[in-house]
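Asker: no sequence on this one, just coordinates:
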Ligand SMILES: CC(=O)N[C@H]1[C@@H](OP(=O)(O)OP(=O)(O)OC[C@H]2O[C@@H](n3ccc(=O)[nH]c3=O)[C@H](O)[C@@H]2O)O[C@H](CO)[C@@H](O)[C@@H]1O
Ligand SMILES: C=C(OP(=O)(O)O)C(=O)O
């Protein structure tokens, strides 16, 4: 195991990037092509919600192919705080939720990641009550939880939000949620997952209309089905769940991370490289592969679970509108912008899912990109090359966008915001090193020394300038 992974009291390893901004940086020397094979880790957004789903089961749950991420460690801390027992060995997490000691999740932890809020569904289903602080996650929009709340109310819960805490309780004597017909105003991934989990133990049939169709929703449904839940239609916009009194133990494998795989496809495309990625589920990457092919990047499905990307002759501009699955994923929008920044011609990117997810545009401009933002649209005028500079990842995928751009930029790029990157990428720097990237992580102290050196040299420069004025 890598030396920047330490053991924590909940038995899960923790990366040493704190949720607060840390001063570690990545240094990237760009302009090199990459070559070789990349192993894709398990999906962050599946693993996290499966861990919450383990709350539904009073026996043992073994979850395999769990990525090594800061968010996974934090989710482990949330579940430990509720009384669950967890242990991790490599990519396997064992969870036992036979005893849940409290229905109150800790504020300091829940506010650090969005997925922890989704535990409100299984907690309410198991205990008949839950007190869940409003969630955190990437600051990419207001991200309300009204759809989760309205769905739980339809299932018979009384829900009040007071002092930043969502207090939910089933007041009738049975303490059991009731099946309901729920129409989601928009196909929210989290609300679909919260309500599907809650419905597995509810009394009667629940129908979720306009449900999210993301692969992670399907993975959660399959996980619950492996524990004895009765769920039909996951992956379509109508999910039907028939509640059962109890779920049993399971041993389950998380699907590969389509966003990590997509990020490596973009790293390959921008550096004109020949890369093989596995394991992947190519059908989960269809919208990303279609866009890559449209702009001139050959992507070949060599085997059912692997993808090969070959160097493009030229990269052409295109337009992208982010959409719920199976549309183009919002989580790929930032790294794709890095690629379009060096494509020939003008591209327009419309972010339709989140209202504040274009902050990486100005950071890409520091690297020489030519991008203007108006409302939720980015107008990208392709430039012939990028040049290294200090930049910051302002959220998880924005940080990934900086890495993708830096791999192509001439000279040296220093990237801050690794506390975001480590939330969702399993040792990205090490995986990139393995395929030939020149990339190095400077931990806090080294990075601090570098920053103060840069500061003192800029003070000197400013001083010289003012004297000469
Ligand atoms: C941990 C996890 O799985 N995170 C993913 C999940 O986030 P998350 O589940 O938070 O995303 P949603 O699908 O719920 O959000 C989509 C849109 O619905 C809105 N909304 C959502 C819930 C609600 O109650 N009310 C409401 O208005 C949101 O503000 C957003 O504008 O799906 C997103 C969309 O694919 C991804 O970017 C995130 O990586
Ligand atoms: C936005 C993301 O995560 P979260 O919902 O956990 O903030 C993401 O994975 O890109």
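Answerer: Now that the structure is in, tell me what you want to look at. All values derive from a computational prediction rather than experimental measurement. Ligands and ions are numbered 1, 2, ... in the order given.
Asker: contacts and neighbour counts: CA atoms only from here.
Answerer: Fine.
Asker: Which positions within the helix or strand encompassing residue 150 qualify as buried?
Answerer: For residue 150, the enclosing helix or strand under DSSP states H and E is helix 146-154. Neighbour-count burial for helix 146-154, with 16 or more other C-alpha atoms under 10 Å as criterion, is recorded at 147-154.
Asker: likewise stretch 199-206?
Answerer: Going through stretch 199-206 with 16+ other C-alpha under 10 Å, the ones that come out buried are 199-203, 205-206.
Asker: quick one: contacts of that stretch?
Answerer: Identification of contacts with stretch 199-206 by C-alpha atoms under 8 Å, 6 or more residues apart in numbering yields 56, 125-126, 176-182, 224, 229-231, 240-247.
Asker: Show me the buried residues of stretch 199-206 that map onto helices.
Answerer: Assigned to helices by DSSP state H, the following of the buried residues of stretch 199-206 qualify: 199-200.
Asker: Same list, the buried residues of helix 146-154, but as a markdown table with pLDDT and distance to residue 443 please.
Answerer: A markdown table is the format used below for the buried residues of helix 146-154 (pLDDT from 0 to 100; distance: C-alpha to C-alpha, whole Å):
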| residue | pLDDT | distance to residue 443 |
| --- | --- | --- |
| 147 | 97 | 40 |
| 148 | 97 | 39 |
| 149 | 97 | 41 |
| 150 | 98 | 44 |
| 151 | 98 | 44 |
| 152 | 98 | 44 |
| 153 | 98 | 46 |
| 154 | 98 | 49 |
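Asker: related to what we said a few turns ago, distance to ligand 1 and pLDDT added to the buried residues of stretch 199-206, as CSV?
Answerer: Output for the buried residues of stretch 199-206, formatted as CSV (distance: C-alpha to the nearest ligand atom, whole Å; pLDDT from 0 to 100):
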residue, distance to ligand 1, pLDDT
199, 17, 98
200, 19, 98
201, 21, 98
202, 20, 98
203, 23, 97
205, 22, 98
206, 18, 98
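Asker: so can I have a markdown table of the buried residues of stretch 199-206 showing distance to ligand 2?
Answerer: Supplementary listing: those in a markdown table, determined by distance: C-alpha to the nearest ligand atom, whole Å:
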| residue | distance to ligand 2 |
| --- | --- |
| 199 | 22 |
| 200 | 23 |
| 201 | 25 |
| 202 | 26 |
| 203 | 30 |
| 205 | 28 |
| 206 | 25 |
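Asker: of all the buried residues of stretch 199-206, which comes closest to residue 62?
Answerer: Of all the buried residues of stretch 199-206, residue 200 has the smallest distance to residue 62: 18.9 Å, by C-alpha to C-alpha.
Asker: Which residues are in contact with the one residue in the stretch 201-350 of the chain that gets nearest to ligand 1?
Answerer: Shortest the stretch 201-350 of the chain-to-ligand 1 distance, computed as C-alpha to the nearest ligand atom: residue-wise this is residue 331, at 5.1 Å. Contacts for residue 331 (C-alpha under 8 Å, 6+ apart) come out as 259, 397.
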